[in-house]
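Q: heads up, no residue letters with this:
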């Protein structure tokens, strides 16, 4: 029997690669990445490699250059954070305005055209809880909206937004992905990775990732910059 | 006192031009149009003229070519409807998957960056009620989601989505806009307008528009194709 299709938002990072592996168990995956002049464009190359390794279809959607400004991830004039306390409160400077809403809106359109009722997104409310659009209540509200938005919904096809990582720690994500055979050497999490995907090892994202491997008791395959 | 900013979704058609005039009364308007390979690209030129005529900032957001397929408005292989009964039930073939969700998601990002808490959209649930994402319950659900999605919302800035046309007939929209001085000769509603914005007079959109002017008792300034 042909498996149903799912749309998986795939950034090329550790979390979304794990989500793809989880979705792949039960669905034929269409992986969706976004090009929005993010600093770490090497993530897009990583995303392609990861999708290929699962035999998934991979689409890159180009967002308008003028969008998604005002974040350390898209504006060269804002420094990426390198020393944030894991228990810091408030919204990180890496917050990108309405990012997940724009991503999920596109996923909804792609899902409807593909006849899919399942979208997967790697949001996580534990290790990095500062983003408003990573919270369960946000995902629930998006789902309610999506189920009023489309012809598919009106015709009775209920849309599900899966967030398999939402309650997991970084170490738990890494353990789950490792069990599913995810090759984390392919993934790029670093906010300032180089063109070939080597990580700085120092930004917040690298530090959370490193600590995750340590806590999981799993060897860290991340390719870091060579140091002099 | 400086007026607060509002984001107005401006297609270049009759409805959204009226919405711009309404928003302009109380807000400094940032008009947002989308280029998504729609057939009637002359609408974008119309949108620019309309925004200019109100001294509003006008931005055109380019959507990815691969998006928003499967509609008579974006695919040359699907004929535009020319003879639909005004009381027909069901969703028109001009439905574009998740269109208003994608439009509003972008407006939300632009609003947050601009420090605006007000988005205007010309949806209408009366004359042309087949689109799921034009219904009041959809707009309410989007608003609820938006108020969980952004840093601005978390910091207490409540987002409002204004739908001033939602309960108006086409004739009532035309009367309201005429009172506000909207120059409807600038607007393009036709599904198959030519490059300079002349209308066919026969597609569903043209027929609803024509009937609106007749019912409103206002002379129709629409520029139609010259006929032999």
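A: That came through, no problem. Computed from a prediction, not measured in an experiment: that's the story for all the values here. Numbering: from 1, shown residues only, chains lettered A, B, ... in the order given.

Q: neighbours around residue A:155, how many?
A: When neighbours are counted by other CB atoms under 10 Å in any protein chain shown, residue A:155 registers 10. Backbone N, C-alpha and C define where each C-beta goes, glycine included.

Q: now the angle from the longest helix along chain A to helix B:99-114?
A: Using DSSP state H, we find that the single longest helix of chain A is helix A:99-114. Orientation check (axes from the mean of the first three to the mean of the last three CA atoms, to 10 degrees): helix A:99-114 against helix B:99-114 gives 170 degrees.

Q: list the helices and strands the helix or strand following helix A:99-114 packs on?
A: Next helix or strand after helix A:99-114 toward the C-terminus (DSSP states H and E): strand A:118-120. Where contact means 3 or more CB pairs under 8 Å, 6 or more residues apart in numbering or on different chains; DSSP states H and E, strand A:118-120 is packed against strand A:5-9, helix A:14-24, helix A:99-114, strand A:160-162.

Q: show me the shaky parts of chain A.
A: For chain A, the stretches flagged by pLDDT under 70 are A:1, A:38-40, A:67-94, A:127-129, A:226-228.

Q: now do the helices in it.
A: A:14-24, A:42-53, A:99-114, A:136-149, A:151-154, A:170-179, A:204-216.

Q: okay if I get the helices and strands packed on strand A:118-120 as CSV plus mean neighbour count?
A: CSV is the format used below for the helices and strands packed on strand A:118-120 (neighbours: other CB atoms under 10 Å in any protein chain shown):
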stretch, mean neighbour count
strand A:5-9, 25
helix A:14-24, 26
helix A:99-114, 24
strand A:160-162, 18
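
Q: among those, which is nearest residue B:125?
A: Checking those against residue B:125 by CB to CB gives helix A:99-114 as the closest, at 20.7 Å.

Q: how about the closest one against chain B, any contact?
A: Yes. Using CB under 8 Å from any CB of the partner chain, helix A:99-114 reaches chain B at A:99, A:100, A:101, A:102, A:104, A:105, A:106, A:108, A:109, A:110, A:112, A:113.

Q: elements contacting that helix?
A: strand A:5-9, strand A:28-35, strand A:118-120, helix A:136-149, helix A:151-154, helix B:99-114, helix B:136-149.

Q: pipe the helices and strands packed on strand A:118-120 into TSV and attach distance to residue B:44 per row.
A: TSV is the format used below for the helices and strands packed on strand A:118-120 (distance: least, CB to CB, whole Å):
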stretch	distance to residue B:44
strand A:5-9	29
helix A:14-24	34
helix A:99-114	20
strand A:160-162	32
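
Q: which stretch among the ones you listed comes nearest residue B:18?
A: helix A:99-114 (25.3 Å).

Q: how far does the closest one sit from the chain's center?
A: Put simply, helix A:99-114 sits 14 Å off its chain's centre (CA atoms, centre = their mean, to the nearest Å).

Q: and stretch A:184-191, by the same measure?
A: Relative to its parent chain, stretch A:184-191 has a centroid offset of 11 Å by CA atoms, centre = their mean.

Q: end-to-end on it?
A: 16 Å (CA to CA, to the nearest Å).

Q: with stretch A:197-204 instead?
A: Termini of stretch A:197-204 sit 16 Å apart (CA to CA).

Q: one more: stretch A:126-136?
A: End-to-end distance of stretch A:126-136 (CA to CA): 11 Å.

Q: again with stretch A:189-198
A: 10 Å.

Q: give the buried residues for it.
A: Within stretch A:189-198, the residues scored as buried using 16 or more other CB atoms under 10 Å in any protein chain shown are A:189, A:190, A:191, A:192, A:193, A:197, A:198.

Q: which among these gets closest to residue B:146?
A: For the buried residues of stretch A:189-198, the nearest to residue B:146 is residue A:191 (26.7 Å; CB to CB).

Q: look up how far residue A:57 lies from that closest one.
A: 28 Å (CB to CB, to the nearest Å).

Q: and for residue A:195?
A: Using CB to CB, residue A:195 is found at 25 Å from residue A:57.

Q: can you check residue A:99 too?
A: Taken as CB to CB, the span from residue A:99 to residue A:57 is 23 Å.

Q: over to residue A:22?
A: Taken as CB to CB, the span from residue A:22 to residue A:57 is 17 Å.

Q: equivalent analysis for residue A:175, please.
A: Distance, residue A:175 to residue A:57, by CB to CB: 28 Å.

Q: those two - which one has more neighbours?
A: Between residue A:175 and residue A:57, residue A:175 has the larger neighbour count (other CB under 10 Å), namely 18 against 15.

Q: for the more buried one, list the residues it contacts.
A: Contact analysis of residue A:175 by CB atoms under 8 Å, 6 or more residues apart in numbering or on different chains lists A:216, A:218.

Q: repeat that with 7 Å
A: By CB atoms under 7 Å, 6 or more residues apart in numbering or on different chains, the contact set of residue A:175 is residue A:216.

Q: one more: residue A:201?
A: A:210, A:224.

Q: if we use 10 Å, what do you get?
A: Counting by CB atoms under 10 Å, 6 or more residues apart in numbering or on different chains, residue A:201 makes contact with A:190, A:207, A:209, A:210, A:220, A:222, A:224, A:225, A:227.

Q: the residues you listed: which two are farthest apart?
A: So, these by CB to CB: farthest apart are A:209 and A:227, at 17.7 Å.

Q: more crowded one of these two?
A: The neighbour comparison of residue A:209 against residue A:227 (other CB under 10 Å) goes to residue A:209, with 27 against 5.

Q: what about the closest residue to that one other than its chain neighbours, distance to chain B?
A: The spatially closest residue to residue A:209, leaving aside those adjacent along the chain, is residue A:189, at 4.8 Å (CB to CB, 6 or more residues apart in numbering or on different chains). As judged by CB to the nearest CB, to the nearest Å, residue A:189 and chain B stand 22 Å apart.

Q: can you check residue A:51 too?
A: In terms of CB to the nearest CB, residue A:51 sits 16 Å off from chain B.

Q: what is the neighbour count of residue A:223?
A: Residue A:223 has 16 nearby residues by other CB under 10 Å.

Q: report the contact partners of the nearest residue to it once chain neighbours are set aside.
A: Nearest non-adjacent residue to residue A:223, counting by CB to CB, 6+ apart: residue A:198, 5.0 Å away. The contact partners of residue A:198, by CB under 10 Å, 6+ apart, come to A:42, A:188, A:190, A:222, A:223, A:224, A:225, A:226.

Q: phi, psi for residue A:198 please.
A: phi -80, psi 140 (degrees, to the nearest 10).

Q: ok, now how distant is it from chain B?
A: From residue A:198 across to chain B, the span is 29 Å (CB to the nearest CB).

Q: ok, stretch A:56-67 near chain B or not?
A: Yes. For stretch A:56-67, a contact with chain B is found by CB under 10 Å from any CB of the partner chain, at A:59, A:60, A:61, A:62, A:63, A:64, A:65, A:66, A:67.

Q: for that stretch, what is the distance to the chain centroid?
A: Distance, stretch centre to chain centre, for stretch A:56-67: 14 Å (CA atoms, centre = their mean).
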